[in-house]
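1. the following block contains a protein sequence and its predicted model.
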Amino acid sequence: MYPYLKKKFVIPAVAAGFLFIGSSFKDDFFEIAKQIEIFTTLFKAVNTNYVDETNPGDLMDKGIKSMLGSLDPYTVYFNEQDVVNFKINNTGEYTGIGAMIARKKDRLIVREPYKNYPADKAGLKAGDEIIQIGDVLIADFKDDASQLLKGTKNTKIKIKYLRQGKINTTELILDEVDIKSVPFYGKIDDKTGYIVLAHFSRKAATEVKDALEKLKTEGATQIVLDLRGNPGGLLNEAIDICNLFVPKNEVIVTTKSRIEKHNNTYKTTKEPVDTQIPLAILVNGRSASASEIVSGALQDLDRAVVLGSRSFGKGLVQRTVELTYGTQLKVTISRYYTPSGRCIQALDYTHKDKNGIAQKTDSKNFNAFKTRKGRTVYDGGGVLPDIELEEAKMSAITTALMKNDGIFDYATSYYYKNPNLGDKIPTITDTDYTAFKHYLKANKFTFDTETELALKNTLAAAKTEEIDETIAIEYKQLLSALEKSETTLLDKNQKEIKGLIQEELIKRYQYQEGLYQFYIKNNSEIKKAVNVLNNQTEYKTILKM
């Protein structure tokens, strides 16, 4: 083709493309402007005419969050206070009491005090229920009560708390709190280093690097990286952590979106620490997002053996957008893809069922991909380990116990009945386990499994339709059968549940550090990771080295 003809025909085609984009944008802009105008007039009408006095801020906050709730759980609006919390989660630094606090209905529960921080120094323990902060009664305070425990350094806060039925008082002195991304590292044996990565805050890569280099100087020639329970965090930290083990200019993750500017390829940018040291990575069903980038990328690059159970499956990328009056929007902008080209997103939020629940990708529809050396890996449902471990999976009955605090509450009761264990490792005997089951029954613990909830919902619907008397006998029979089944499952999964009770108790007596010290000597998943590293023939066979 002659050059001038080629030029002549290409330019109109490009121009047509711009016309199409411009027209589409105008159509969208008109529709957006129209809907904003409808919403504005509605919002004014409600606030002007509603029978009771309204709070415009609360109405708008709930309206925005309900709207975004129809998308995915990661696209969220942050009001001014939410922004403060979001920054704390990303930096790991704040001024406060140094404890994990949870709100349960009208109760504010201390989940875990961190060693040598204000809550610990003031004598607070896991299981304490804070009932009053200063002059504020928690039962009457409907906002986020944990905000009452934050402020400037050295601020003194008086609190009342309930412990084992008795009201106590103490004074908290706020201090700077630095939550480590790497809460623990150490030697498992003479040659195996162990690094726990709990989350991906802004210091994650630096902390992992420091731990890795320190372990190497202490003689570690192989590493176990523990990502179990790590919910993720900052993308760049995941890339930098991969960079510790792979060369510069290696592709770690790509992001793809319908918006061109959000399509990116992220490569390593620094010189690595060690590209040869044998590496085993532990994951489970609560390892998500950035954890899956690290484990998935190093698996795709045949740089590490991954052990455990299938990871959570969050393959969506978010960015924050600054809004007016100090508010923010965190919005899903793209999907991420590991080096082999797989997206490990498990739930499809664009196709929900009639109840608005996102559907999991059917394993029959997973697509196969190849690692650098030709191993087969799959998309669609988290990172599948090279070696699956049954003990890394959690049974439904155990999940219910953890979700509804059956194990947590029993550990609190046990701790106060056995206050003097000190540095001794608590062991859960058969007698203790029988006491645990009696505790659940005495406290009318509800498992709220999917089956149990479905049965309760059926009775609720029957009452609404006034047919509950007709099915009362059958309902009681089903409920009795379900309770027997749950008792059977408690016995069937006794080993798993005993282990979790023991771990919860170790934290009560010896804090997190004690739990990790226990892990490196006793945890079966860590032992299997070490066995793989010690067996270089198996290690190299898995990675096709």
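-> Sure, I can see it.
2. and the host helix or strand of Tyr433, what's buried?
-> With elements delineated by DSSP states H and E, Tyr433 resides in helix 430-442, which encompasses its position. Buried residues in helix 430-442, counted by 16 or more other Cβ atoms under 10 Å: 432-433, 435-437, 440. No exception for glycine: its C-beta is placed from N, CA and C like everyone else's.
3. and it, how far out from the chain middle?
-> Relative to its parent chain, helix 430-442 has a centroid offset of 30 Å by Cα atoms, centre = their mean, to the nearest Å.
4. list the buried residues in stretch 333-348.
-> Along stretch 333-348, these residues count as buried under the neighbour rule (16+ other Cβ under 10 Å): 333-340, 342-347.
5. let's see which of the residues you listed end up in helices.
-> Within the buried residues of stretch 333-348, no residue falls in helices by DSSP state H.
6. in a markdown table: the residues you listed, plus pLDDT and distance to Asn284.
-> Converted to a markdown table, the buried residues of stretch 333-348 look like this (pLDDT from 0 to 100; distance: Cβ to Cβ, whole Å):
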| residue | pLDDT | distance to Asn284 |
| --- | --- | --- |
| Ile333 | 91 | 27 |
| Ser334 | 91 | 26 |
| Arg335 | 91 | 22 |
| Tyr336 | 92 | 20 |
| Tyr337 | 95 | 22 |
| Thr338 | 96 | 18 |
| Pro339 | 97 | 22 |
| Ser340 | 97 | 22 |
| Arg342 | 94 | 19 |
| Cys343 | 92 | 20 |
| Ile344 | 88 | 14 |
| Gln345 | 89 | 18 |
| Ala346 | 87 | 14 |
| Leu347 | 85 | 18 |
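7. what average pLDDT does the helix holding Tyr433 get?
-> Confidence for helix 430-442, expressed as mean pLDDT, is 95.
8. so the nearest residue to Arg310 once chain neighbours are set aside: helix, strand or coil?
-> Among residues not flanking Arg310 along the chain, Gly382 sits closest, at 4.6 Å (Cβ to Cβ, 6 or more residues apart in numbering). On the three-state scheme (DSSP: H, G, I helix; E, B strand; the rest coil), Gly382 is labelled coil.
9. one more: Thr255?
-> The three-state label for Thr255, taken from three-state DSSP, comes out as strand.
10. the one 3 residues further on too?
-> Taken by three-state DSSP, the conformation at Arg258 corresponds to coil.
11. just want the phi and psi numbers for it.
-> Arg258 has phi and psi values of phi -70, psi -10 when expressed as degrees, to the nearest 10.
12. Ile333 is in contact with Asn263, correct?
-> No. With contact defined as Cβ atoms under 8 Å, Asn263 does not reach Ile333; the gap is 9.9 Å.
13. shared neighbours of these two, anything?
-> Contact criterion Cβ atoms under 8 Å, 6 or more residues apart in numbering; residues shared by Asn263 and Ile333: 255, 257.
14. and for Gly499, the neighbour number?
-> By the measure other Cβ atoms under 10 Å, the count of residues near Gly499 is 16.
15. from Tyr433, how far out is it?
-> Summarising the geometry, the distance separating Gly499 from Tyr433, computed by Cβ to Cβ, to the nearest Å, is 11 Å.
16. report the distance from stretch 192-212 to the chain centre.
-> Between the centre of stretch 192-212 and the centre of its chain there are 17 Å (Cα atoms, centre = their mean).
17. what is the end-to-end distance of that stretch?
-> Counting by Cα to Cα, to the nearest Å, the length from the leading to the trailing residue of stretch 192-212 is 11 Å.
18. tell me the buried residues in that stretch?
-> Of the residues in stretch 192-212, those buried by neighbour count under the rule 16+ other Cβ under 10 Å are 192-201, 203-205, 207-209, 211-212.
19. can you check stretch 479-486 too?
-> Using 16+ other Cβ under 10 Å as the burial criterion, the residues of stretch 479-486 that qualify are Glu486.
20. so how far is stretch 159-172 off the chain centroid?
-> Shown here is stretch 159-172, whose average C-alpha point lies 30 Å from the average C-alpha point of the whole chain (Cα atoms, centre = their mean).
21. need the residues that contact that stretch.
-> The set of residues external to stretch 159-172 that reach it, using Cβ under 8 Å, 6+ apart, is 97, 110, 118-119, 122-125, 127-134, 149, 156-158, 416.
22. check stretch 490-508 too.
-> Surrounding stretch 490-508, the residues in contact under the criterion Cβ under 8 Å, 6+ apart are 112, 125-126, 391, 394-395, 397-398, 401-402, 407-408, 410-412, 414-415, 425-428, 432-433, 436-437, 440, 514-515, 518.
23. so which of the residues you listed sit within helices?
-> Those of the contacts of stretch 490-508 mapping onto helices are 397-398, 401-402, 407-408, 410-412, 414-415, 432-433, 436-437, 440, 514-515, 518, per DSSP H.
24. from those residues, list the buried ones, please.
-> By neighbour count, with 16+ other Cβ under 10 Å, the ones in helices among the contacts of stretch 490-508 hold 397-398, 401, 407-408, 410-412, 414-415, 432-433, 436-437, 440, 514-515, 518 as buried.
25. any residues touching stretch 131-142, and which ones?
-> Residues from elsewhere that reach stretch 131-142, judged by Cβ under 8 Å, 6+ apart: 106-108, 130, 145, 148-149, 157-162, 167.
26. can I get the CA coordinates of that stretch in PDB?
-> Output in PDB follows, covering the C-alpha atoms of stretch 131-142 (Å, rounded to 0.1, in the frame of the first residue of the first chain):
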ATOM      1  CA  ILE A 131     -19.100  -0.700  79.800                       C
ATOM      2  CA  GLN A 132     -18.100   2.900  80.300                       C
ATOM      3  CA  ILE A 133     -15.500   5.200  78.800                       C
ATOM      4  CA  GLY A 134     -15.200   8.500  80.700                       C
ATOM      5  CA  ASP A 135     -18.800   9.600  81.200                       C
ATOM      6  CA  VAL A 136     -20.100   7.600  78.200                       C
ATOM      7  CA  LEU A 137     -22.100   4.400  78.700                       C
ATOM      8  CA  ILE A 138     -21.300   2.100  75.900                       C
ATOM      9  CA  ALA A 139     -24.900   0.700  75.800                       C
ATOM     10  CA  ASP A 140     -26.200   4.200  75.000                       C
ATOM     11  CA  PHE A 141     -23.400   5.000  72.500                       C
ATOM     12  CA  LYS A 142     -24.500   3.900  69.000                       C
END
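27. quick one: contacts for Leu108?
-> Contacts here follow Cβ under 8 Å, 6+ apart; on that basis Leu108 touches 101-102, 129-131, 138, 145-146.
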